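Student: need the 3D shape of this:
(chains A, B, C and D)
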Number of protein chains: 2
Amino acid sequence: MARAQRADACRNRDRLLEVASAAFADRGIDASLEAIAKEAGVGIGTLYRHYPTRDALIEAVYRHNVELLCDGADELRATLPPDEALAQFMQRFVGYVATKKGLATYLKSVIGADSELFRSSQARVSETIASLVSAAAEAGSIRPDVEGMDLLRALSGVCMMTDHPGGPEHGVRVATLLMDGLRYGAPVTASP
Amino acid sequence: MARAQRADACRNRDRLLEVASAAFADRGIDASLEAIAKEAGVGIGTLYRHYPTRDALIEAVYRHNVELLCDGADELRATLPPDEALAQFMQRFVGYVATKKGLATYLKSVIGADSELFRSSQARVSETIASLVSAAAEAGSIRPDVEGMDLLRALSGVCMMTDHPGGPEHGVRVATLLMDGLRYGAPVTASP
DNA sequence: ACACTAACGGAGGCACCCTCCGCTTTGTCA
DNA sequence: TGACAAAGCGGAGGGTGCCTCCGTTAGTGT
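Tutor: Numbers count the residues shown, from 1 in each chain, chains lettered A, B, ... in the order given. The predicted model follows:
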């Protein structure tokens, strides 16, 4: 439907989202909106029309990132054996949180931790994990007594650690460990 | 020594610290420095002479707050029975973190989590707790098998929860529970 | 009491935020 | 295909906050 939105508007909207995502990731949450607009090749007015406030833009970036992460899971599922897909997803999750935690923290402070945004994104992630877990369990490549939410909680714990001394590579190592823990005791031991 | 610093400079410095502490607490980390200077009754130049950057001011406020919290422990120790002193301190700690977490998060993102600042303030808090714990343990009003660091870690966990749904009053309740846990099994059961 | 500075204050230049409105592009319908 | 709404664009401009710089003020020591 062209009525809904013009093609150029769509393009600009998407481009802004991408540029903003990169900008927030490497220049922090305070990145200049004017700079973002310029990098996206649009005027500042265009940015503000699509995202009327800074918070709206940040929220959109957050949503987009969660979406990317979860959509990526379908691809993993399609191209890798179930346990590898799960392992890969866990690594991505940890990496994602390490980069984007600033966004979440900021949003929490602005719109509250129990908003629709967080509930829905949490639900999305937890569904994704649950489906990866159950696929791997059915294939017999991880132990059958683990639920999606258990794993999500464990991962969250891993990510909390990231704040503290030891740096982000800690998270990666612990996530690997966790995955090995899942494999341990599986009916069929998958070859790495 | 008057040579070291003039009296008015001292006054202004202290006043700025107090005003800034209040401002950051209720208007957030982005509170206008010009407003802070005005509230403190000094020019913006004076603020910048004492605290050359925003970060310097935030760091000073953080240090000051940790100091206040820990100095307060001496007073508690002097006026209350050891277990009450510990209980009171735990409540203050939780309340303090709830208000001031923004500062710590910001500082971590700017100067890193493993800086001298965090190491020294963590040491200060942990010493304070350790001394309260051992005093209460010696008095027999809490169980003897708990170390200061254990309790600090538990409290940190309580504070992490504060982010999540349930609000800050959760922290207070859990801290109370924790205190009861400490009293349980003490050689002498203190009367509340 | 006086001179010597440390300390003060705020004007000013800069960057960013966000709004507003005249101009351009796009999609549609004859 | 061509013309016309209207959807969309861009950036000037007014406002606010950051930080620097320097002329002025007022504590301090003799």
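
Student: and stretch A:34-43, average pLDDT?
Tutor: In this model, stretch A:34-43 carries a mean pLDDT of 94.

Student: now do that stretch: everything it contacts.
Tutor: A:Asn12, A:Arg15, A:Leu16, A:Glu18, A:Val19, A:Ala20, A:Ala23, A:Ile44, A:Thr46, A:Leu47 (CB atoms under 8 Å, 6 or more residues apart in numbering or on different chains). From N, CA and C alone the C-beta is placed, and that goes for glycine too.

Student: and which of the residues you listed is nearest DNA strand C?
Tutor: When the contacts of stretch A:34-43 are compared for distance to DNA strand C (CB to the nearest atom of the strand), A:Ile44 comes out closest, at 4.8 Å.

Student: rewinding a little: which of the contacts of stretch A:34-43 count as buried?
Tutor: By neighbour count, with 16 or more other CB atoms under 10 Å in any protein chain shown, the contacts of stretch A:34-43 hold A:Asn12, A:Leu16, A:Val19, A:Ala20, A:Ala23, A:Thr46, A:Leu47 as buried.

Student: does any part of the strand or helix carrying the fifth one sit near chain B?
Tutor: Secondary structure from DSSP states H and E places A:Ala23 in helix A:7-27. No. Contact of helix A:7-27 with chain B (CB under 8 Å from any CB of the partner chain) is absent, the minimum separation being 12.3 Å.

Student: is that helix anywhere near DNA strand C?
Tutor: Yes. Interface with DNA strand C: helix A:7-27 contributes A:Ala7, A:Asp8 (CB under 7 Å from any atom of the strand).

Student: ok, back up a step: which of the buried ones among the contacts of stretch A:34-43 sits closest to chain B?
Tutor: A:Ala23 (16.0 Å; CB to the nearest CB).

Student: output the below-cut-off pLDDT ranges for chain A.
Tutor: Within chain A, the ranges that satisfy pLDDT under 70 run A:1-3, A:157-178, A:180-182, A:184-192.

Student: next structured bit after the top helix by length along chain A?
Tutor: Assignment by DSSP state H gives helix A:82-111 as the longest helix of chain A. Heading C-terminal from helix A:82-111, the first helix or strand you meet, by DSSP H and E, is helix A:116-138.

Student: just the buried positions in that next one, please.
Tutor: Buried-residue list, helix A:116-138, by 16+ other CB under 10 Å: A:117-118, A:121, A:124-126, A:128-129, A:131-137.

Student: swap in stretch A:102-117?
Tutor: A:Gly102, A:Leu103, A:Ala104, A:Thr105, A:Tyr106, A:Leu107, A:Lys108, A:Ala113, A:Leu117.

Student: is any residue of it near DNA strand C?
Tutor: No. In terms of CB under 7 Å from any atom of the strand, no part of stretch A:102-117 sits within range of DNA strand C; the closest distance is 11.7 Å.

Student: what does that stretch contact?
Tutor: The contact list for stretch A:102-117 (CB under 8 Å, 6+ apart) reads A:24, A:28-29, A:55, A:58-59, A:61-63, A:65, A:118, B:28, B:102, B:105, B:109, B:163-165.

Student: from A:Ala135, how far off is the nearest residue to A:Arg13 once chain neighbours are set aside?
Tutor: Nearest residue to A:Arg13, sequence neighbours excluded (CB to CB, 6 or more residues apart in numbering or on different chains): A:His50, at 5.0 Å. Counting by CB to CB, to the nearest Å, the separation of A:His50 from A:Ala135 is 37 Å.

Student: what do you get for A:Cys10?
Tutor: From A:Cys10 to A:Ala135 the distance is 34 Å (CB to CB).

Student: how far out from the middle of the chain is stretch A:114-124?
Tutor: 13 Å (CA atoms, centre = their mean, to the nearest Å).

Student: repeat that for stretch A:134-152.
Tutor: The chain centroid and the centroid of stretch A:134-152 are separated by 20 Å under CA atoms, centre = their mean.

Student: so which bits of it are buried?
Tutor: Buried residues in stretch A:134-152, counted by 16+ other CB under 10 Å: A:Ser134, A:Ala135, A:Ala136, A:Ala137, A:Ser141, A:Ile142, A:Val146, A:Gly148, A:Leu151, A:Leu152.
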